[in-house]
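Trainee: Dropping a prediction and its sequence here:
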Amino acid sequence: MLIDLPSLAVLCFIGSHLLFGLPPLRTHLISVLSEQRFVAVFSLTAALSLSLLAWALYASLRQEVPNPWLLMLPGARIGLGIVAWLGLSLALAALPGYPKTPMALFQTRVHTPFGISKISRHSFFVGFAVFALAHSVLMSERAAALMMLGFAVLSLLGASIQDRKLLMRHGEAYRPFMQATSVLPFLAILQGRTRIQAEDRIVATLLKSALAAALITLMHPLWQLANGAALPVLLAIGGFYLSARRWLAARRRDTAGQVHRA
């Protein structure tokens with residue numbers, strides 16, 4: 001079957017992200033709902049699509065369709081495992097400094113590039129794409145490989161889409177940030193467009209994220225449960241939580257506004 005349940009679930013996950021992430025729907029929904037409620041709806045949609053993906057992975061256990069892209073060479077598998085660990089380390093390194101970057105939700109200012117942003121302004125997207133692409137040829141089941149391939153495609157598209165979205169949000173204030181950074185890791189540094197300073201604490205950040213990635217790797221048997229459904233379940237829980245939090249925040253803001261007007 002060309003389009004089975006795992007394929008459909010992956011397409012729904014990618015398609016819903018792209019649909020909500022691009023104008024004109026995003027702009028229209030923000031104007032109607034407010035940005036807080038838009039984030040709530042977006043997060044809820046992502047959580048539902050991830051729940052469908054988790055169910056598809058669990059249901060595929062009965063079929064046991066092998067991954068056609070599976071890489072069997074032991075040396076190559078070890079090498080790709082290291083690449084996946086490095087990618088996850090880069091993705092995790094982006095999280096501590098995220099609230100101060102132009103990418104952060106509801107951020108209205110563009111600060112000078114600092115920290116891990118000097119390596120890649122989309123460190124999370126790029127790192128997670130590397131992690132997911134490596135796993136797409138390391139996982140034995142086709143459904144789990146499709147999930148990882150879908151995550152990789154969405155991450156790479158997300159980096160490109162986010163730059164355009166941030167240019168719309170911040171205007172020309174974002175362009176110097178783009179010019180001083182790069183999407184590809186270390187490219188801006190090699191080209192001399194930015195320099196790493198001691199206060200960036202990049203080495204310390206990368207060491208901590210590499211340790212966290214190693215700990216996550218040690219829990220690999222848990223991530224393999226139900227054909228890899230544990231990952232989308234965890235992400236779906238985060239999506240449901242974020243959706244509820246943003247919606248309640250919007251309600252509190254509306255209530256405070258009504259009290260102020262009264």
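Mentor: Thanks, I have it.
Trainee: Please enumerate the helices of this structure.
Mentor: Listed in chain order, the helices of the chain (DSSP state H) span 5-21, 25-33, 35-59, 74-93, 123-136, 142-170, 175-179, 187-190, 202-218, 220-223, 230-261.
Trainee: Can you tell me which helices and strands the fourth one packs against?
Mentor: The reference is to helix 74-93. helix 123-136, helix 202-218 (3 or more C-beta pairs under 8 Å, 6 or more residues apart in numbering; DSSP states H and E). C-betas here are computed from N, CA, C, even on glycine.
Trainee: the inter-axis angle of that helix versus helix 202-218?
Mentor: Orientation note: helix 74-93 sits at an angle of 120 degrees relative to helix 202-218 (axes from the mean of the first three to the mean of the last three C-alpha atoms, to 10 degrees).
Trainee: Compare the helices and strands packed on helix 74-93 and give me the one nearest residue 173.
Mentor: Closest approach to residue 173 among those (C-beta to C-beta): helix 123-136, 20.8 Å.
Trainee: CA atoms of that closest one as CSV?
Mentor: The C-alpha coordinates for helix 123-136 follow below in CSV (Å, rounded to 0.1, in the frame of the first residue of the first chain):
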residue,chain,number,x,y,z
SER,A,123,20.6,25.2,16.0
PHE,A,124,17.6,23.2,17.2
PHE,A,125,16.2,22.7,13.7
VAL,A,126,19.5,21.8,12.2
GLY,A,127,20.6,19.6,15.1
PHE,A,128,17.3,17.7,15.3
ALA,A,129,17.2,17.3,11.5
VAL,A,130,20.7,15.6,11.6
PHE,A,131,19.5,13.4,14.5
ALA,A,132,16.3,12.4,12.7
LEU,A,133,18.0,11.8,9.3
ALA,A,134,20.6,9.5,10.9
HIS,A,135,17.8,7.5,12.7
SER,A,136,15.8,7.2,9.5
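Trainee: got the contact list for residue 161?
Mentor: Residue 161 is in contact with 18, 21, 22, counting by C-beta atoms under 8 Å, 6 or more residues apart in numbering.
Trainee: Can you give me the distance of the closest residue to the last one other than its chain neighbours to residue 55?
Mentor: Computed as C-beta to C-beta, 6 or more residues apart in numbering, the closest residue to residue 22 that is not its neighbour in sequence is residue 161, at 6.5 Å. Residue 161 is 27 Å from residue 55, where distance means C-beta to C-beta, to the nearest Å.
Trainee: quick one: residue 161 from residue 248, how far?
Mentor: From residue 161 to residue 248 the distance is 28 Å (C-beta to C-beta).
Trainee: I misspoke; the intended subject was residue 99.
Mentor: On the measure of C-beta to C-beta, residue 99 and residue 248 end up 20 Å apart.
Trainee: what's the answer for residue 168, then?
Mentor: Taking C-beta to C-beta, one finds residue 168 at 27 Å from residue 248.
Trainee: Provide a list of residue ranges in the stretch 1-150 of the chain with pLDDT below threshold.
Mentor: 1-3 (pLDDT under 70).
Trainee: Try it again at 50.
Mentor: Within the stretch 1-150 of the chain, the stretches with pLDDT under 50 are 1.
Trainee: same thing with the stretch 151-262 of the chain?
Mentor: Low-confidence segments of the stretch 151-262 of the chain (pLDDT under 50): none present.
Trainee: one more time with 70
Mentor: Within the stretch 151-262 of the chain, the segments meeting pLDDT under 70 span 257-262.
Trainee: ok, the residue nearest to residue 141 when sequence neighbours are not counted - contacts?
Mentor: Spatial nearest neighbour of residue 141, chain neighbours left out: residue 227 (5.4 Å); criterion: C-beta to C-beta, 6+ apart. For residue 227, the contact set (C-beta under 8 Å, 6+ apart) comprises 57, 58, 60, 61, 141, 143, 144.
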